[in-house]
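Undergrad: show me the folded form of this:
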Amino acid sequence: MTERTLARQPSADSLLDTPLQEAVPQRSASVVAVVVTFQPELAALLVQIKALRPQVARLIVVDNASNTDLAAWCRAAAPQVDAVLRMERNLGIGGAQNHGIAWARTQGASHVLLMDQDSVPEPDMVGQLLSALQARPSAGAAGPLHADPRQPIAHSPFVWLEGLRFRRLPCTPDTVHVVDHLIASGCLIPLAVLDQVGSMRADWFIDFVDVEWSLRARAAGWDLLGVCSARMAHGLGGPPIVFMGRRFLAYPPWRHYFQVRNAVLLYRQPFVPLRWALASAWRLLMKIGFNCVAGRSRWHHFKATLRGLWHGACGRAGPL
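TA: Purely as a prediction, here's the structure:
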């Protein structure tokens with residue numbers, strides 16, 4: 001592929017592409033779903049499996065050393081699951097995804113679909129993502145329009161950097177956007193792209209793992225697609241904070257440690273432009289600052305933020 005810079009702007013045609021052909025729920029012979037779990041809520045996981053399994057060729061659960069014996073549970077409650085890989089310890093999101101991707105290769109997969117344990121796809125999500133990728137040879141990954149059922153108003157999760165600001169891209173049913181980055185859950189990636197771009201950063205454990213891979217893929221010349229016709233329910237963070245009548249994302253202090261640390265590690269990567277790092281840092285500062293001022297356990301949030309800054313500056317990765 002020809003080399004393109006990370007900071008290039010999408011054309012109007014790339015932002016508002018022609019409508020995709022209507023996708024129907026079907027089992028793709030080449031898509032393997034990789035579901036990463038850690039202490040999952042079993043009822044919610046079963047809902048996800050039942051919604052996801054008819055859309056893919058194989059489904060594997062990679063469990064990060066949960067207390068529950070998920071292999072036994074799947075045999076009894078979810079026989080649709082093709083395999084369960086139990087990690088001996090919690091490897092984090094990136095490490096578990098890499099194990100699932102390796103298993104998908106042994107199954108002859110052409111694509112992997114990465115899923116968190118709490119995401120529920122609509123019946124045609126995988127078909128819509130696959131159609132978008134097949135229609136655009138320059139696309140390295142595609143992600144769905146996800147909505148948090150706890151939020152009263154659904155906003156488009158797709159953004160693009162303009163100047164020093166991330167602009168939210170509007171969604172209509174047939175729109176496909178070239179986007180800045182994709183979240184891991186619901187992300188459909190061809191194995192050939194993973195061969196070129198590389199695997200997930202296992203040493204970052206959690207947070208910014210998907211963003212780092214997204215920016216690395218874009219630096220390698222691939223487009224990332226936000227497919228508005230592909231839909232998925234997905235909760236971000238813990239219970240929202242209600243402030244002045246509005247709901248805001250909330251995370252525990254230990255998550256803010258990883259968010260700050262891994263953000264600093266990301267900004268130090270050679271493929272991340274300064275303009276992107278500045279815009280992301282300001283956005284992260286506003287979110288962390290809000291939690292330190294209006295959130296729960298303010299002092300713990302502040303300490304976690306300082307610790308994350310220090311470890312990121314020192315180049316320290318790994319679990320907490």
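
Undergrad: so what pLDDT did Val36 get?
TA: Listed pLDDT for Val36 reads 98.

Undergrad: that one - that's part of a strand, no?
TA: Yes - counting by DSSP: H, G, I helix; E, B strand; the rest coil, Val36 is found in a strand.

Undergrad: for the host helix or strand of Leu265, list the C-alpha coordinates in CSV.
TA: Using DSSP states H and E, Leu265 sits within helix 253-267. Extracted C-alpha coordinates of helix 253-267, given in CSV (Å, rounded to 0.1, in the frame of the first residue of the first chain):
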residue,chain,number,x,y,z
PRO,A,253,-9.4,5.3,40.0
TRP,A,254,-7.5,2.3,38.9
ARG,A,255,-8.8,2.8,35.4
HIS,A,256,-7.7,6.4,35.4
TYR,A,257,-4.2,5.2,36.3
PHE,A,258,-4.1,3.1,33.1
GLN,A,259,-5.8,5.8,31.0
VAL,A,260,-3.2,8.4,32.0
ARG,A,261,-0.2,6.1,32.0
ASN,A,262,-1.0,4.6,28.6
ALA,A,263,-1.9,8.0,27.1
VAL,A,264,1.5,9.2,28.0
LEU,A,265,3.1,6.1,26.6
LEU,A,266,1.1,6.6,23.4
TYR,A,267,2.1,10.2,23.0
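
Undergrad: in that helix, which residues are buried?
TA: Across helix 253-267, burial judged by 16 or more other Cβ atoms under 10 Å covers 253, 255-267. For the C-beta atoms, the positions are set from N, CA and C on the backbone; glycine is no exception.

Undergrad: same deal with stretch 121-133?
TA: Within stretch 121-133, the residues scored as buried using 16+ other Cβ under 10 Å are Pro121, Glu122, Asp124, Met125, Val126, Gly127, Gln128, Leu129, Leu130, Ser131, Ala132, Leu133.

Undergrad: so how far is it off the chain centroid?
TA: Put simply, stretch 121-133 sits 16 Å off its chain's centre (Cα atoms, centre = their mean, to the nearest Å).

Undergrad: got it, and stretch 158-176?
TA: On the basis of Cα atoms, centre = their mean, stretch 158-176 sits 17 Å off its chain's mean C-alpha point.

Undergrad: what of stretch 198-205?
TA: Counting by Cα atoms, centre = their mean, stretch 198-205 comes out at 13 Å from the chain centroid.

Undergrad: tell me the buried residues in that stretch?
TA: Met200, Arg201, Ala202, Asp203, Trp204, Phe205.

Undergrad: format the residues you listed as TSV; extra columns: distance to Pro54 and pLDDT.
TA: Below are those laid out as TSV (distance: Cβ to Cβ, whole Å; pLDDT from 0 to 100):
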residue	distance to Pro54	pLDDT
Met200	26	98
Arg201	32	96
Ala202	31	96
Asp203	35	96
Trp204	33	96
Phe205	32	96
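
Undergrad: closest to Ala139 among those?
TA: Using Cβ to Cβ, Met200 comes nearest to Ala139 of these, at 18.7 Å.

Undergrad: so what's that closest one closest to, chain neighbours aside?
TA: Sequence neighbours aside, Gly94 is the residue nearest to Met200 in space, at 3.7 Å (criterion: Cβ to Cβ, 6 or more residues apart in numbering).

Undergrad: could you do Ile60 as well?
TA: Ala83 (4.7 Å).

Undergrad: wait, His177 sits on Asp223?
TA: No - counting by Cβ atoms under 8 Å, Asp223 is not a contact partner of His177; they are 9.9 Å apart.

Undergrad: out of these two, which sits in the more crowded spot?
TA: His177 (25 against 20; other Cβ atoms under 10 Å).

Undergrad: need the residue closest to the centroid of this structure.
TA: Ala184 (1.8 Å; Cα atoms, centre = their mean).

Undergrad: tell me the SS of that one?
TA: coil.

Undergrad: quick one, what contacts it?
TA: Ala184 makes contacts with Ile93, Gln97, Leu114, Asp116, Met200, Val209, Asp210, as judged by Cβ atoms under 8 Å, 6 or more residues apart in numbering.
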